[in-house]
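J.: Curious how this folds, go ahead:
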Amino acid sequence: MEDQSFENLPLKLAYGFLLSNGFGKEATEIRESKAKLGSYDSTLKRARILAELIRNQLLDQFIAEHWPHGATLEGQKRIRRLNKIYSRYQESIGNETAGSAVEEDEPEKGTAFAYEEHLRDFLAQHLERLEKGLRPWSKGDEDAVEFPVDGRRIDILAEDKGGQPVVIELKVSRGHERTIGQALYYRAKIKEMFKVDRVRIFIVALELTLELRAAAKEVSDVSLFEYAISMTIKPL
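T.: Below you'll find the predicted structure:
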């Protein structure tokens, strides 16, 4: 067995593994698919690959041969998360509207953000509402949404119109001053990962505490945003 240290399920190896086990058609369909679930792209592909491995009783073999991290506690957490994403995907394709449109349209029409992931996915689709020219981070193989950093996840990693990385942290309720510390840690890791000198920070919350506002003034390249919840009721 090769010594692999992939934290995420390795897509390229998974495609080849399915092909070698007689499931090349399924692997090709997933690889070439343009399907998205909210802002999930490569993560959705991983979720679909995982479902294919489980369906054909190949997951244990794949973990043994190509993804030993999948057998660890952290790997098992990732598997459970991918299973949840796949379940959401299955639910979405049963609707008249595609999953990405379902998650995108509801907030745009004023539906309340019930969970942080709804706000996160909505903002990932509408980054220009924060700043003109802002777009999801495009370098590397990882999704911009829930971008992995040392076992943690940045809510959204974006890039501004000048190509500078932007760490976006979301708080469904109140943004406290300790949010700054978390964001600064992510800034340091992104500088290290991508060899850049500058990383901006955006913090989005329903309410920004006075302590957070004061702390943000002491740190460079930090922008604060508040969002508002609204609700529309329609007769059926």
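
J.: lowest confidence element among the helices and strands of this structure?
T.: helix 99-108 (a mean of 38; mean pLDDT, DSSP states H and E).

J.: Just the buried positions in the helix or strand that that helix is followed by, please.
T.: Following helix 99-108 in sequence order, the next helix or strand is helix 116-125 (DSSP states H and E). For helix 116-125, the neighbour count (16 or more other CB atoms under 10 Å) marks 117-125 as buried. For every residue, glycine as well, the C-beta is placed using N, CA and C.

J.: any chance of those in JSON lines, plus distance to residue 14 and pLDDT?
T.: Listed next are those as JSON lines, based on distance: CB to CB, whole Å; pLDDT from 0 to 100:
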{"residue": "117", "distance to residue 14": "25", "pLDDT": "69"}
{"residue": "118", "distance to residue 14": "29", "pLDDT": "74"}
{"residue": "119", "distance to residue 14": "31", "pLDDT": "79"}
{"residue": "120", "distance to residue 14": "26", "pLDDT": "82"}
{"residue": "121", "distance to residue 14": "24", "pLDDT": "82"}
{"residue": "122", "distance to residue 14": "30", "pLDDT": "84"}
{"residue": "123", "distance to residue 14": "29", "pLDDT": "88"}
{"residue": "124", "distance to residue 14": "24", "pLDDT": "88"}
{"residue": "125", "distance to residue 14": "27", "pLDDT": "88"}
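
J.: Including distance to residue 135, could these go into TSV?
T.: Listed next are the buried residues of helix 116-125 as TSV, based on distance: CB to CB, whole Å:
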residue	distance to residue 135
117	20
118	20
119	18
120	15
121	15
122	15
123	12
124	10
125	11
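
J.: And the spatially most central residue of the chain, its phi and psi?
T.: Most central in the chain under CA atoms, centre = their mean is residue 145, positioned 2.4 Å from the mean C-alpha point. Torsion angles at residue 145 (phi, psi; degrees, to the nearest 10) stand at phi -80, psi 130.

J.: cool, and residue 203?
T.: The phi and psi torsions at residue 203 (degrees, to the nearest 10) take the values phi -120, psi 120.

J.: tell me the SS of residue 7?
T.: What DSSP: H, G, I helix; E, B strand; the rest coil gives for residue 7 is coil.

J.: That one touches residue 148, doesn't it?
T.: Yes - the pair residue 7 and residue 148 qualifies as a contact (CB atoms under 8 Å) at a distance of 6.6 Å.

J.: What's the first helix or strand after the strand ranked longest in the chain?
T.: Ranked by residue count under DSSP state E, the longest strand found in the chain is strand 165-175. Using DSSP H and E, the helix or strand that directly follows strand 165-175 along the chain is helix 178-194.

J.: so what secondary structure elements neighbour that following helix?
T.: Using 3 or more CB pairs under 8 Å, 6 or more residues apart in numbering; DSSP states H and E, the elements in contact with helix 178-194 are strand 145-149, strand 152-159, strand 165-175, strand 200-208, helix 210-217.

J.: closest one to residue 189 among these?
T.: strand 145-149 (4.7 Å; CB to CB).

J.: what residues go with each domain of the chain?
T.: 11-93, 101-226 (automatic domain parsing).
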